[in-house]
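Trainee: my questions concern the predicted model and sequence given below.
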Amino acid sequence: MTPAIAPEDLLSTDAYDLVRARYRGRIIELKRRRRVTVGLHVSVLFESRETVLYHIQEILWLDRPVRPERIREEIAEHDRLIPRAGELTATLMIHGGPPLAGQALIAGLAAGQAVVMLMLGERRVAAELLSPVDDPCCPVQYLRFPLDHAAVRALLERRADVRLGVHHAGGLETAALPRETVDELALGLGADGTPAARAPMLSSVADCP
């Protein structure tokens with residue numbers, strides 16, 4: 001599969017220094033619209049090509065001077081977080097709380113249990129891990145939500161209330177997705193239920209507003 005991000009999509013180190021502050025402010029606002037907090041200790045950031053590209057840029061900004069092979073490594077590591085046709089992707093973050101509760105949540109994901117769910121009215125879409133769990137104590141995990149055609153249409157047409165559910169600390173905690181978050185998720189889906197075409201981002205300084 002061709003990576004969704006190519007090395008030429010990334011700004012050079014010097015160019016990134018020039019535009020970083022403005023670019024960072026724009027992505028922080030984008031992440032705010034795409035982040036959902038469930039209960040006191042769990043949040044989910046629904047990813048997009050822009051958020052993943054920003055994450056790679058920040059890693060490379062810290063890891064200077066940047067070697068070409070390092071760029072390829074980061075792209076290979078994070079490319080899976082770019083949502084493909086018929087799916088949403090997300091980063092799950094556990095913020096404190098009882099350690100055993102967080103480990104149980106991650107263990108449930110590793111076992112394929114419906115412990116994190118996107119709830120579209122009466123429909124339930126269980127999250128899947130994007131990669132095996134290397135460390136059951138790691139508070140950050142990457143997820144995908146596989147969407148069938150009906151789920152995509154529900155998001156596109158705003159035909160159902162959308163909530164995020166997480167089984168944590170012995171109970172199901174839920175949070176309603178704000179309209180701006182649902183709008184963000186729908187933006188990444190084409191009218192036929194596939195992601196909209198992705199134009200390359202930040203291939204030059206001129207691409208940064």
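Mentor: Received it, and whenever you're ready, just let me know what you need.
Trainee: which other helices and strands contact the helix or strand bottoming out on mean pLDDT in the chain?
Mentor: The least trusted helix or strand in the chain, going by mean pLDDT, DSSP states H and E, turns out to be helix 13-34, with a mean of 82. The contact analysis (3 or more C-beta pairs under 8 Å, 6 or more residues apart in numbering; DSSP states H and E) places helix 13-34 against strand 42-46, helix 49-62, helix 179-187. The way it works is simple: take the backbone N, C-alpha and C, and place the C-beta from them, glycine included.
Trainee: now do Pro83 against Arg20, distance only.
Mentor: Separation of Pro83 from Arg20 (C-beta to C-beta, to the nearest Å): 25 Å.
Trainee: who's more crowded, the two?
Mentor: When Pro83 and Arg20 are compared on other C-beta atoms under 10 Å, the one with more neighbours turns out to be Pro83, at 24 against 15.
Trainee: now do stretch 140-150: distance to the chain's middle.
Mentor: 10 Å (C-alpha atoms, centre = their mean, to the nearest Å).
Trainee: list the buried residues for it?
Mentor: 141-145, 147 (16 or more other C-beta atoms under 10 Å).
Trainee: which one of those residues is nearest Leu130?
Mentor: Tyr142 (4.1 Å; C-beta to C-beta).
Trainee: secondary structure class for the closest one?
Mentor: strand (DSSP: H, G, I helix; E, B strand; the rest coil).
Trainee: rewinding a little: tell me how far the least confident helix or strand of the chain is from the chain's mean position?
Mentor: On C-alpha atoms, centre = their mean, the centre of helix 13-34 falls 16 Å from that of its chain.
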